[in-house]
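Asker: any chance you could fold what I've pasted below:
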Amino acid sequence: MNPDPKVLYQEDGAIALITINRPQVHNCIDGETADELYQAFSRFRDNPAMNVAILTGSGSSFSSGADLKAIDTLGPIDIYDHPDFIYDGSGYLGFTRLTNIFKPTIAAVHGYCYAGGLEMAAWCDIRIASYDATFGCLERRYNVPLVDGGTQRLPRIVGWGRGMDLILTGREINSQTALEWGLVTELVERDQLLSRARDLASQIAAYPQGALRTDKQAAVRGWGLSIEEGLRIETQLGMTQVRSTEIRDGVKRFKNRKTSELD
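Answerer: Numbering: from 1, shown residues only. Predicted structure coming up:
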């Protein structure tokens, strides 16, 4: 067992906490860290007891992105040299091309969230941040491309104009601007960040998971398609829950609820 893992994986009930553990370099990602991230998220995906994952960083930052001093250790095989290669979803920073995790994920962001760190946060479904968090595509300064989903996910999260602003200018934005732009949905004090993320994860994990996961899958798979095709996917996935025993249990709980209950 690695005595000093670069990624920590902890399970607490139905919640997986995945922590990038290179605080001395602001949690930048080298090849070994990328591989450990891939293994961590694959473990979360494949464990039926896990419902929600939280991604965060140790020390003072979430992640400053790729470790440019170890750039040669990063990346899947070059598709231009190997046109028959089939991606396994690993991506340059480990997990960022995985598109088959339909369990909810939360990024708990503090300190630096730059370059690939921003791309990793954008991969998650929900982002909450501490007031000291800063965001930006600082790789603009070094001719490093966004190859971990940033060109696709950032405009979808904050809109085309703001997404292009981040991608093209390379400027930093603070946590308040990130909140106003919709990049994050909540700000908390630094010492409350992880507990708030756990509270949110616990709330989500306590719900029946079937419809929650098919709804996420429908939203992901339907993005960019025509409304007709998106509705087809929604119906196809949603009907698996409409016909399930779990929905009967849910309807029974609804009928038996107290009139004062809102849930």
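
Asker: helix, strand, or coil at the closest residue to Cys124 other than its chain neighbours?
Answerer: Spatially, and ignoring its direct neighbours in sequence, Cys124 is nearest to Ala107 (3.9 Å; CB to CB, 6 or more residues apart in numbering). For glycine as for every other residue, the C-beta is placed from the backbone atoms N, C-alpha and C. With DSSP: H, G, I helix; E, B strand; the rest coil as the basis, Ala107 sits in strand.

Asker: so what's Ala107 up against?
Answerer: 54-56, 62, 120-121, 123-124, 126-128 (CB atoms under 8 Å, 6 or more residues apart in numbering).

Asker: ok, 6 Å please
Answerer: Residues near Ala107 by CB atoms under 6 Å, 6 or more residues apart in numbering: 55, 121, 124, 127.

Asker: count the residues that sit near the second one.
Answerer: Counted by other CB atoms under 10 Å, the residues lying close to Ala121 total 29.

Asker: with the first one instead?
Answerer: As a burial measure, Leu55 scores 28 neighbours (other CB under 10 Å).

Asker: which strand residues bridge it?
Answerer: Beta bridges link Leu55 to Ile18, Ala107, judged by DSSP bridges.

Asker: also the last one?
Answerer: Here Arg127 sits in beta bridges with Ala107, going by DSSP bridges.

Asker: state the pLDDT value of it.
Answerer: We have a pLDDT of 98 for Arg127.

Asker: surely it and Ala121 touch.
Answerer: Yes - look at Arg127 against Ala121 with CB atoms under 6 Å: they come within range, at 5.3 Å.

Asker: now the common contact residues for the two.
Answerer: Common neighbours of Arg127 and Ala121, using CB under 6 Å, 6+ apart, are 107, 109.

Asker: so where's the stretch 151-263 of the chain uncertain?
Answerer: Scanning the stretch 151-263 of the chain with the threshold set as pLDDT under 70 gives 250, 258-263.

Asker: all helices of it, in order?
Answerer: 160-169, 175-181, 193-206, 209-222, 227-242, 245-256 (DSSP state H, counting those that start in this stretch).

Asker: may I have the fifth one as CSV, with CA atoms only?
Answerer: Spelled out, that is helix 227-242. Extracted in CSV, the C-alpha atoms of helix 227-242 (Å, rounded to 0.1, in the frame of the first residue of the first chain):
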residue,chain,number,x,y,z
ILE,A,227,-36.0,18.9,-27.6
GLU,A,228,-37.7,16.0,-29.3
GLU,A,229,-34.6,13.8,-28.9
GLY,A,230,-34.0,15.0,-25.3
LEU,A,231,-37.6,14.2,-24.4
ARG,A,232,-37.2,10.7,-25.9
ILE,A,233,-34.2,10.1,-23.7
GLU,A,234,-36.0,11.5,-20.7
THR,A,235,-39.0,9.2,-21.2
GLN,A,236,-36.9,6.2,-22.0
LEU,A,237,-34.9,6.5,-18.7
GLY,A,238,-37.7,7.9,-16.6
MET,A,239,-40.1,5.1,-17.4
THR,A,240,-37.7,2.6,-15.8
GLN,A,241,-38.5,4.3,-12.5
VAL,A,242,-42.3,4.9,-13.2
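
Asker: that one - contacts with which helices or strands?
Answerer: helix 209-222 (3 or more CB pairs under 6 Å, 6 or more residues apart in numbering; DSSP states H and E).

Asker: what comes up buried for the helix it packs on?
Answerer: Going by neighbour count (16 or more other CB atoms under 10 Å), the buried part of helix 209-222 is 209, 211-214, 216-218, 221-222.
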